[in-house]
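Student: quick one: sequence plus predicted model below, questions after.
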Amino acid sequence: MNSILSYENLVHAVSGAIGSVTAMTIFYPLDTARLILQVDEKRKARSTPAVLMEIIKEEGLLAPYRGWFPVISSLCCSNFVYFYTFNSLKSLWLKGTAPTTGKDLTIGFIAGIVNVLVTTPLWVVNTRLKLQGAKFRSDDIKPTTYTGISDAFQKILQQEGVLSLWNGTLPSLLLVFNPAIQFMFYEGLKRQLLRQQAELSSFQVFVIGAIAKAIATAVTYPLQTVQSVLRFGHERLNPDKRTLGSLFSVISLLKQRIRRLGFLGLYKGLEAKLLQTVLTAALMFLVYEKLTTLTFQFMALKV
């Protein structure tokens, strides 16, 4: 129990949360473009710059930052849960043993499952808020009128039922491989470099964070597209088939997208996602590593 409820795990969790919030805030417009490309199938603009220019021209200069607060709130909670769980499991399982790639992947996978089950309702709400007010090209997308996070929670519960807050859970659970793969490569590359030097430079942390996230994103992107559509709640499926983003929903959405847009339709928005997620992850790891190092050094001086 002491290994779980430790100050060290708390430092890792807080640093991870701050790092993710900092990085996402800087690169947030890229995530807005990615989400629009995934959800609005009839939009002609295909590139990230073109979509961002359209959004700014049609909806205003601040439109790329629409829904920033709920996204940042969800991201902060999500990364706190993930980093805390990851480091708790790491301290329990690796006590007295050497870390391996397989152990990193397993720990990351378990931490991802815990994170998904706890934070999916927050992501459902922030997806709705982030797209609220957007000018879509698809006629079958109905606009929402939420006034904030609490109002969105209340209306979804009243109009769609409690299980709607876990829309997209199945692809989200499958997508735990994304952070698991990311952390596996990050920890592995980090260990390789630390065998040759005492500590990593800021540039090295940034680069290995970027490489790890790029690999994880490229592997899991089609499921991320399905996840976004299910969370938005406007997928054209039989209503009784949509609960929790069932396997039927996932397969149907993949087939529909391939039929309408071709196989490459599964990767629509990948450019924006790679640009945003790679830069965000790299900066997140950089802030995370620096914060944890500074905190532990400060505490050592205090002691």
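Tutor: Ah, there it is.
Student: got the buried residues for stretch 63-72?
Tutor: For stretch 63-72, the neighbour count (16 or more other CB atoms under 10 Å) marks 63-64, 66-68, 70-72 as buried. From N, CA and C alone the C-beta is placed, and that goes for glycine too.
Student: closest to Leu174 out of those?
Tutor: Val71 (21.6 Å; CB to CB).
Student: please, which helix or strand holds the closest one?
Tutor: Here Val71 sits within helix 68-93, counting by DSSP states H and E.
Student: low-confidence bits of the stretch 151-300 of the chain, can you list those?
Tutor: 228, 231-249 (pLDDT under 70).
Student: and the helices in it?
Tutor: Across the stretch 151-300 of the chain, reading from the start of the chain, the helices by DSSP state H, counting those that start in this stretch fall at 169-174, 177-194, 202-232, 247-261, 270-302.
Student: can you show me the CA trace of the fourth one as PDB?
Tutor: Just to be clear, that refers to helix 247-261. Presented in PDB, the C-alpha positions along helix 247-261 are these (Å, rounded to 0.1, in the frame of the first residue of the first chain):
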ATOM      1  CA  LEU A 247     -18.000  -4.100 -31.200                       C
ATOM      2  CA  PHE A 248     -20.800  -3.800 -33.800                       C
ATOM      3  CA  SER A 249     -20.500   0.000 -33.700                       C
ATOM      4  CA  VAL A 250     -16.700  -0.100 -34.200                       C
ATOM      5  CA  ILE A 251     -16.900  -2.600 -37.100                       C
ATOM      6  CA  SER A 252     -19.800  -0.800 -38.800                       C
ATOM      7  CA  LEU A 253     -18.100   2.600 -38.600                       C
ATOM      8  CA  LEU A 254     -14.900   1.200 -40.000                       C
ATOM      9  CA  LYS A 255     -16.800  -0.400 -42.900                       C
ATOM     10  CA  GLN A 256     -18.900   2.700 -43.500                       C
ATOM     11  CA  ARG A 257     -15.800   4.900 -43.700                       C
ATOM     12  CA  ILE A 258     -14.000   2.500 -46.100                       C
ATOM     13  CA  ARG A 259     -17.100   2.300 -48.300                       C
ATOM     14  CA  ARG A 260     -17.500   6.100 -48.400                       C
ATOM     15  CA  LEU A 261     -13.900   7.400 -48.400                       C
END
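Student: that one versus helix 202-232: what angle between them?
Tutor: Angle, helix 247-261 to helix 202-232, by axes from the mean of the first three to the mean of the last three CA atoms, to 10 degrees: 100 degrees.
Student: and helix 247-261, what does it pack onto?
Tutor: Using 3 or more CB pairs under 8 Å, 6 or more residues apart in numbering; DSSP states H and E as the contact criterion, the neighbours of helix 247-261 among helices and strands are helix 169-174, helix 202-232.
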